[in-house]
Every structure is written in C-alpha cells, then in structure tokens.
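> Pasting the sequence and the predicted coordinates here, then a few questions.
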Amino acid sequence: MILKPREVPTELKTLRLLRPRMNLPDEQRYIYLEKGFKGEQQLDAWLEDLTTDCFVINDPLLNQNRNFFQIDKMLIFQETIYLLESKYSKGDFFIDDDKWKTISGIEIQDPQLQLKRSETLLRKLLQQHRMNFSIESTLVFTHSEFYLYNAPPKLPAVFPNQIHRFLEKLNRLDSKMTYKQNKLAEKLLALHLDKNPHTQFPDYDYHELKKGVVCVSCRSL
C-alpha cells in the first residue's frame, strides 16, 4: 500500500519552470536533479510487482535533532524497514581500498555515506519515539549502463541485473500489517516535512524572464 506517492521535488519543479525563460546559474544542479528523479521513477517501476503486505512511503523528509534527511523509498514490513536509495549513475566505476572511483581513476563520493547517515538518524528517531524495528539499507543502481568493478559480495547494493531476484526476496517475506506498523507509518507521515530548509532557489526578476508558452513535450518556448 502506497501511503505517500512520489511527487516531482519542489526544487526540480521550479527549475523546470525557470529553465526555458532564463539561463540557470547552475545548469549542472538541474541535470543532477533530473537524473536523480528519473532514477527514482525507475525504482518505482521495478517495484510495481511487489506483492508482500507492506507500506510504501516515497521521499519522506525527516528531522532528527535538526539533522534533516530524506529517503528515496521506505518499505515498512512486519519487522523490518527497508531504506532504498536509487543511484542513476552511468558508466564504469571501481572500488579501490574502500574508495569509489571512475574508470579513469577520479575519486567520487562514496554513495553509501548518505544512506548510512539516513539509517543512523532514522534509528535514533525510532528510539526517540520508542518504536522497535530493524532497518536494512540498500543502494539500488537503476541505470542499465552502470557497472562496478571489484564490488565486495557484502556490498549492500542491487544492480540492474539483480532487481528481479531482489524483488523475489521481498515477495518471500512473511509480513502482515498490524496496529504496530500502522502506528509507525502514521508517525512517520506526521513527521514528514513538506519543505526542505536547505533547498536554494535561483534569484530571478519576473520582468527579465522570457515570456511565452512552454511546450509540454520539449519544455522550450
């Protein structure tokens, strides 16, 4: 049961409106948000065949002691909460001495860091509200042209060619939603924040924006 459907992030929605009418000060930020949202939509499509009894909460934005964190997809099962973080990375990467690098040797940010942070903060949040659930966090790489060399077997990640087995694993879980799970879901939805205080929007002057009708298909005037 989807308790919170996925919506276009406010920042991306705003940049989509402004982009045809002005030169964005940070075009790469817009591209990054578009790719991220596309990856989240792919994750949603892959999990449409999820049949196990569970609650689905998309993009919950939570605050634990002034530490804000957002999760791409949260699945609440009978005893376990699954945190899924989609990554729409394209190309070849490898892990060298716990460092993530592109095939050309450029070091990139470890995608596990954000997920580990979210897991830690969620665990503290649950403890604060006296709710006892185990948490499992998984990276889901959603781009068909992604490949990771030297990936350790215990890496908490699902690659495109593994998604069907991952879905089968979830569908085999013995899960039933009871008062306990309903209470958790209601609490998380009540704690969800509609606005991220760290979101920054570009400055613009209405009179300097290009006027006209934007095409729905190609998003140009």
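That came through, no problem. Numbers count the residues shown, from 1 in each chain.
> going forward, measure contacts and count neighbours with C-alpha atoms only.
Will do.
> show me where this structure has helices.
Using DSSP state H, the helices of the chain run over 10-18, 27-46, 112-128, 163-171, 179-191.
> Tabulate those in TSV, adding columns for distance to residue 153, mean pLDDT and mean neighbour count.
TSV is the format used below for the helices of the chain (distance: least, C-alpha to C-alpha, whole Å; pLDDT from 0 to 100; neighbours: other C-alpha atoms under 10 Å):
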stretch	distance to residue 153	mean pLDDT	mean neighbour count
helix 10-18	35	94	16
helix 27-46	22	95	16
helix 112-128	15	95	16
helix 163-171	15	95	15
helix 179-191	31	96	14
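> Can you check which of the ones you listed gets nearest to residue 94?
Among those, helix 112-128 comes nearest to residue 94, with 14.0 Å by C-alpha to C-alpha.
> Just want the angle from that closest one to helix 179-191.
Angle, helix 112-128 to helix 179-191, by axes from the mean of the first three to the mean of the last three C-alpha atoms, to 10 degrees: 110 degrees.
> Report all helices and strands that helix 112-128 contacts.
Under the contact definition 3 or more C-alpha pairs under 8 Å, 6 or more residues apart in numbering; DSSP states H and E, helix 112-128 sits against strand 61-64, strand 67-70, strand 80-87, strand 134-141.
> and the last one, average pLDDT?
Strand 134-141 shows a mean pLDDT of 96.
> Next, the buried residues of it.
By neighbour count on 16 or more other C-alpha atoms under 10 Å, the buried set for strand 134-141 is 135, 137, 138, 139, 140, 141.
> Just give me the closest of those residues to residue 29.
The closest of the buried residues of strand 134-141, once distances to residue 29 are taken by C-alpha to C-alpha, is residue 141, at 19.9 Å.
> For burial, what's the neighbour tally of residue 195?
When neighbours are counted by other C-alpha atoms under 10 Å, residue 195 registers 11.
> Please read the previous query as pertaining to residue 204.
Neighbours around residue 204, by other C-alpha under 10 Å: 12.
> per-residue pLDDT, it?
Per-residue pLDDT puts residue 204 at 92.
> same check, this time on residue 89
Note for residue 89: predicted pLDDT of 93.
> Can you tell me the centre-most residue of this protein?
Centroid-nearest residue in the chain: residue 72, 2.3 Å away (criterion: C-alpha atoms, centre = their mean).
> Next up, the contacts around the nearest residue to that residue once chain neighbours are set aside.
Leaving out its chain neighbours, the residue that sits closest to residue 72 by C-alpha to C-alpha, 6 or more residues apart in numbering is residue 59, at 4.7 Å. By C-alpha atoms under 8 Å, 6 or more residues apart in numbering, the contact list for residue 59 reads 6, 70, 71, 72, 73, 74.
> The same query, at a cut-off of 6 Å, please.
Residues near residue 59 by C-alpha atoms under 6 Å, 6 or more residues apart in numbering: 71, 72, 73.
> And for residue 147?
Taking C-alpha under 6 Å, 6+ apart as the contact definition, residue 147 lies against residue 92.
> 8 Å - rerun?
Going by C-alpha under 8 Å, 6+ apart, residue 147 touches 90, 91, 92, 93.
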